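[1] Sequence and predicted structure below; questions after.
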Amino acid sequence: MKERNPWHTPLTIIIAVIGVIAIVALVTIAVLQNKPLIPKYKYGIVLDAGSSHTAMYIYEWPAEKDNNTGRVEQTHCCKVSGSGISDYASDPKLAGESLKACMRDAERFVPSERHEETPLYLGATAGMRLLNIKDSAASDRVFQAVSESLQKSPFSFQGARILSGQEEGAFGWVTVNYLDDRLEQGLETTGALDLGGASTQISFISDSFDGSESPSNYVAFRLYGNDYNLYTHSFLCYGKDQALRMALAHQTQSGPGSIVDPCFNNGYSAVKNYSVLYESPCVSGRKPSSAPQTFTHTGKGNFYECQEVVKSIFNFTECKYSQCSFNGIFQPTLQGTYGAFSAYYFVMKFLNLTDTSVPLQSVKEALARLCATPFDTLKKQHPEVKLKFLNEYCFSGTYIFTLLTEGYNFTSRTFSDIKFIKKIKGSDAGWTLGYMLNLTNMIPAEAPDTPLLPHAGYVSVITVIALVLFVLFILSLRPLWPRCSQKPQIV
Ligand SMILES: Nc1ncnc2c1ncn2[C@@H]1O[C@H](COP(=O)(O)OP(=O)(O)O)[C@@H](O)[C@H]1O
Ligand SMILES: [Ca+2]
């Protein structure tokens with residue numbers, strides 16, 4: 001007769017089936033419990049109205065996370081065609097019109113159910129600061145026109161305003177450190193170097209700086225439970241376009257008519273208008289009284305001579321503090337690593353010097369070579385590069401080199417602590433993200449409570465406990481186990 005498998009009793013089968021169902025149910029609940037059901041996002045839009053152009057950034061973050069603590073990422077960027085809004089002073093309506101194409105773009109990228117609740121900000125930087133100095137009524141009219149245009153969008157328009165230089169520097173610093181996950185984890189922070197067309201910002205933490213020596217350069221933050229004493233300064237007129245104006249103005253002082261400029265390549269030649277050159281507040285008041293209408297601007301391409309011209313736009317002597325960068329502005333001792341973005345990146349990218357940390361000597365050699373290249377050769381080497389930029393790379397590169405070394409005092413040792421970057425993890429480096437994080441209170445002052453275990457750890461622990469309980473349960477039923485298969489013992 002065939003022996004029955006002792007495990008095949010109705011009781012053990014029922015126990016086994018219930019046990020398996022219980023484990024599957026437990027693990028399924030554990031997995032589903034903490035998982036977002038459908039990936040739903042919230043959105044925020046920031047328009048960066050820079051001196052040379054306006055760009056729109058769309059950010060998104062998970063809607064389920066409590067108090068908007070989920071990671072914010074840039075999902076889309078739209079470049080407004082035409083020039084910066086400060087160039088529309090004589091026809092402000094056009095400034096409003098120019099934003100429309102990007103706003104239509106935003107309507108497509110943000111799901112329509114979210115339109116009404118999505119905050120929309122416009123922040124203007126040094127171009128509007130200069131227009132405000134030159135003609136504040138014109139600056140008001142431009143803001144009026146862009147605000148009217150943005151109010152017509154379906155988003156929740158939160159206003160258009162000029163950022164102070166301090167805000168521009170501090171929010172750039174917040175952006176790079178947020179994107180690098182340095183704030184939440186309380187890691188050593190990175191300094192931020194931003195070069196625009198009309199101003200430039202430097203922001204970093206230095207242990208020696210507590211704000212007492214120069215309160216106007218001090219910004220205090222408490223983020224995720226950590227205190228930061230940030231040094232920041234924005235130099236108005238030291239963006240690369242206004243710096244070029246100052247360099248040209250300096251060279252026209254010696255005698256009107258023509259300039260032979262070492263910062264432009266040999267073979268470059270253009271006729272320029274005196275009053276256009278001197279219309280900016282960065283140079284106004286210095287126009288020679290006998291100046292003719294136009295002057296000829298030709299290049300002779302020499303990096304070393306160009307450096308001398310560039311140095312002439314800085315004041316290195318005046319300083320009423322313990323130490324200064326330039327123009328009598330206090331600067332504490334440089335410390336740590338730096339992310340350099342916007343025009344710093346564009347110019348260093350052209351020089352092919354962005355991928356690794358670059359020795360200062362290599363930058364010098366690359367610039368000496370670039371400036372010495374005849375303009376015709378340069379055009380043939382770079383047919384894809386816009387002439388407006390190609391014309392100016394010798395000047396811009398020399399300006400960056402001089403600003404970093406003579407202005408901020410980077411040395412051949414500390415220069416390689418600078419990384420030239422455009423994006424961090426898919427989001428552009430710039431002030432816009434930090435600005436939005438601040439206005440939406442998305443960075444808490446105190447560290448949020450975190451669950452004891454991460455999700456994967458939680459699921460594993462639950463599974464192991466369930467298995468152990470199941471085995472213990474089976475073992476506890478031992479007295480009921482069938483014994484019929486045991487051989488009869490011979491007494
Ligand atoms: N491809 C490029 N090559 C060189 N310079 C560039 C390039 N694209 C943009 N820029 C420059 O970057 C700067 C950006 O400044 P912007 O943000 O408009 O001004 P600001 O921040 O001073 O208000 C401008 O000088 C612009 O000419
Ligand atoms: Ca800018």
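    Structure's in. What do you need? Ligands and ions are numbered 1, 2, ... in the order given.
[2] Show the contacting residues for the residue most central in space within the chain.
    Central residue check for the chain by Cα atoms, centre = their mean: the C-alpha nearest the mean position is that of residue 429, 1.8 Å away. Residue 429 is in contact with 172, 175, 176, 179, 192, 339, 341, 342, 345, 421, 422, 423, counting by Cβ atoms under 8 Å, 6 or more residues apart in numbering. Where C-beta positions appear, they are placed from N, C-alpha and C, glycine not excepted.
[3] Model confidence at the closest residue in space to the fourth one that isn't next to it in sequence, what's the number?
    Read it as residue 179. Ranked by Cβ to Cβ, 6 or more residues apart in numbering and with sequence neighbours excluded, the top spatial neighbour of residue 179 is residue 424, at 3.8 Å. pLDDT for residue 424: 98.
[4] just checking, residue 424 touches residue 176?
    Yes: counting by Cβ atoms under 8 Å, residue 424 does reach residue 176; the two are 6.4 Å apart.
[5] re the thing from before, list the residues that contact the residue nearest to residue 179.
    176, 179, 180, 339.
[6] Shouldn't residue 81 be within a helix?
    No: if the criterion is DSSP: H, G, I helix; E, B strand; the rest coil, then residue 81 is coil and not within a helix.
[7] Got phi/psi on it?
    Note on residue 81: backbone dihedrals following degrees, to the nearest 10 are phi -80, psi 150.
[8] Ligand 1 versus the residue nearest to the centre of the chain, what's the distance?
    Distance of residue 429 to ligand 1, given as Cβ to the nearest ligand atom, to the nearest Å: 12 Å.
[9] Which helix or strand contains the residue nearest to that residue when sequence neighbours are not counted?
    Spatial nearest neighbour of residue 429, chain neighbours left out: residue 341 (3.8 Å); criterion: Cβ to Cβ, 6+ apart. Taking DSSP states H and E as the criterion, residue 341 maps to strand 338-342.
[10] Residues touching that strand, excluding its own?
    Under Cβ under 8 Å, 6+ apart, the answer for strand 338-342 is 172, 176, 190-196, 204, 348, 417-422, 424, 428-430.
[11] are any of those residues buried, and which?
    172, 176, 190-196, 204, 348, 418-421, 424, 428-430 (16 or more other Cβ atoms under 10 Å).
[12] So which of the residues you listed sit within strands?
    Counting by DSSP state E, those place 191, 192, 193, 194, 195, 204, 418, 419, 420, 424, 428 in strands.
[13] Now the two most distant members of those.
    204 and 428 (19.9 Å; Cβ to Cβ).
[14] quick check, distance from stretch 45-61 to the centre of its chain.
    Put simply, stretch 45-61 sits 11 Å off its chain's centre (Cα atoms, centre = their mean, to the nearest Å).
[15] how about that stretch, does it get close to ligand 1?
    Yes: between stretch 45-61 and ligand 1, judged by Cβ under 6 Å from any ligand atom, the touching residues are 50, 51, 52, 53.
[16] What mean pLDDT does that stretch get?
    Here the average pLDDT along stretch 45-61 is 98.
[17] What of stretch 272-285?
    Here the average pLDDT along stretch 272-285 is 94.
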